[in-house]
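> Requesting a structural model of the entry that follows:
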Amino acid sequence: MGVAVDYPPGSLTEIEIDDDVLLLANVDGKLYAVSAWCSHQGTSLALGRFTPPVVTCWAHLWRFDVRTGKPLWPALAQIAPGYALRTHPVRVEDGRVFVSRLPGRPLVDQS
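Sure thing, here's the model as predicted:
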């Protein structure tokens, strides 16, 4: 994926893994990867606003926590199934960033 210094705290970067487009977000020095498309209408979250840890979709202002993929707004999305963003585990080894192709829970240790 690159090196960790390419993704400074507060950054939100669109990346591609095979045919999948993800967002790589740095929240307080930890990297998280989520699907790049808003689960509401499928618009690009990379065009939205990022105020760590929240990405806001530019189209309808839906908000998601990039650490968990969970929707924060609107309230209905928090209880309706299927609106969470897919998360992908990220690990950093010797300064290099690795993002799993398979969705799953975010990893905690990024030493």
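
> Contacts for stretch 69-76 next, please.
34-35, 39, 54, 61-65, 77-78, 83-87 (C-beta atoms under 8 Å, 6 or more residues apart in numbering). C-beta: built from backbone N, CA, C; applies to glycine.

> Just to be sure, which of these are found in strands?
Among these, the residues falling in strands (DSSP state E) are 34-35, 54, 63-65, 87.

> got JSON lines for those, with distance to residue 2, neighbour count and pLDDT too?
Converted to JSON lines, the ones in strands among the contacts of stretch 69-76 look like this (distance: C-beta to C-beta, whole Å; neighbours: other C-beta atoms under 10 Å; pLDDT from 0 to 100):
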{"residue": "34", "distance to residue 2": "17", "neighbour count": "25", "pLDDT": "97"}
{"residue": "35", "distance to residue 2": "19", "neighbour count": "19", "pLDDT": "97"}
{"residue": "54", "distance to residue 2": "24", "neighbour count": "17", "pLDDT": "98"}
{"residue": "63", "distance to residue 2": "27", "neighbour count": "17", "pLDDT": "98"}
{"residue": "64", "distance to residue 2": "23", "neighbour count": "28", "pLDDT": "97"}
{"residue": "65", "distance to residue 2": "24", "neighbour count": "20", "pLDDT": "97"}
{"residue": "87", "distance to residue 2": "19", "neighbour count": "23", "pLDDT": "96"}
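
> Strands of the chain, residue ranges please.
2-3, 12-17, 20-27, 30-35, 49-51, 54-56, 63-65, 71-73, 87-88, 90-93, 96-99.

> Could you dump those into a markdown table with distance to residue 43 added?
Putting these into a markdown table (distance: least, C-beta to C-beta, whole Å) gives the following:
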| stretch | distance to residue 43 |
| --- | --- |
| strand 2-3 | 25 |
| strand 12-17 | 13 |
| strand 20-27 | 12 |
| strand 30-35 | 12 |
| strand 49-51 | 13 |
| strand 54-56 | 11 |
| strand 63-65 | 12 |
| strand 71-73 | 14 |
| strand 87-88 | 19 |
| strand 90-93 | 23 |
| strand 96-99 | 22 |
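
> This completes my enquiry, with thanks.
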